[in-house]
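>>> no sequence for this one, just the structure:
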């Protein structure tokens, strides 16, 4: 992918040197939807950074001044629609980085790539991601009850989570950016 730069960030393909940054927030993921991505050690993190580096849909979010990895985005295309998501190192929360990164990605997807529609799934207990969606102008389209399970209870039974779907159309984005 062609890198996207903002005032404080660079969005780019993953590189091998991102392994330490990935391990920092995937050793113990905060959001349950990322539990399956848990990394056990630096060797696993290096393999994951290499795997992501070969995939343009996986986007590293790095500090512009140091190059340090602070999170990641994904943008999975489905014809003229794209499924988007984000995961950030909690050590960098509450500084506006997620909004800055996702806003830049949306601008690229709508303005450069001509995407018609974006959507994101967010668990109903993930209030920071819900607020981010709303701040970006996304609207809630639905609530899926007992939609998906990311873990099991002590008896081995799936714990199902409710999931919200947020979406944004290009014309809505254009109205927001006027």
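Great, that's in hand. Computed from a predicted model, the values in this text were never measured in an experiment.
>>> CA atoms for contacts and neighbours, from now on please.
OK.
>>> tell me where the protein has helices.
All helices of the chain, identified by DSSP state H, fall at 19-26, 42-53, 97-107, 127-135, 170-176.
>>> redo the ones you listed as CSV? Include distance to residue 155.
CSV is the format used below for these (distance: least, Cα to Cα, whole Å):
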stretch, distance to residue 155
helix 19-26, 25
helix 42-53, 29
helix 97-107, 36
helix 127-135, 28
helix 170-176, 45
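>>> where's residue 175 relative to residue 14, distance?
Noted for residue 175: a distance of 32 Å to residue 14, by Cα to Cα, to the nearest Å.
>>> centre of the chain to the helix or strand of the chain with the lowest mean pLDDT, how far?
For the chain, scoring each helix and strand by mean pLDDT, DSSP states H and E identifies strand 139-152 as the least confident one, at a mean of 93. In terms of Cα atoms, centre = their mean, to the nearest Å, the centre of strand 139-152 is found 17 Å from the chain centre.
>>> burial check on residue 49, number of neighbours?
Residues within reach of residue 49, counting by other Cα atoms under 10 Å, total 24.
>>> before we move on, back to that, what lies in contact with the least confident helix or strand of the chain?
Here strand 139-152 makes contact (Cα atoms under 8 Å, 6 or more residues apart in numbering) with 32-33, 35-36, 133, 158-168.
>>> adjacent strands (with direction) for that strand?
If you go by DSSP bridges, strand 139-152 pairs up with strand 158-169 (antiparallel).
>>> what about the strand it pairs with, average pLDDT?
Mean pLDDT, strand 158-169: 96.
>>> what residues of that strand count as buried?
Residues of strand 158-169 classed as buried by neighbour count (16 or more other Cα atoms under 10 Å): 161, 163-169.
>>> related to what we said a few turns ago, next, the angle helix 127-135 makes with the least confident helix or strand of the chain.
160 degrees (axes from the mean of the first three to the mean of the last three Cα atoms, to 10 degrees).
>>> buried ones in strand 139-152?
Neighbour-count burial for strand 139-152 [16+ other Cα under 10 Å]: 139-140, 143, 151.
>>> state the distance from the residue located most distally from the centre of the chain to residue 31.
Distance from the C-alpha centroid of the chain peaks at residue 155, with 31.2 Å (Cα atoms, centre = their mean). Residue 155 is 22 Å from residue 31, where distance means Cα to Cα.
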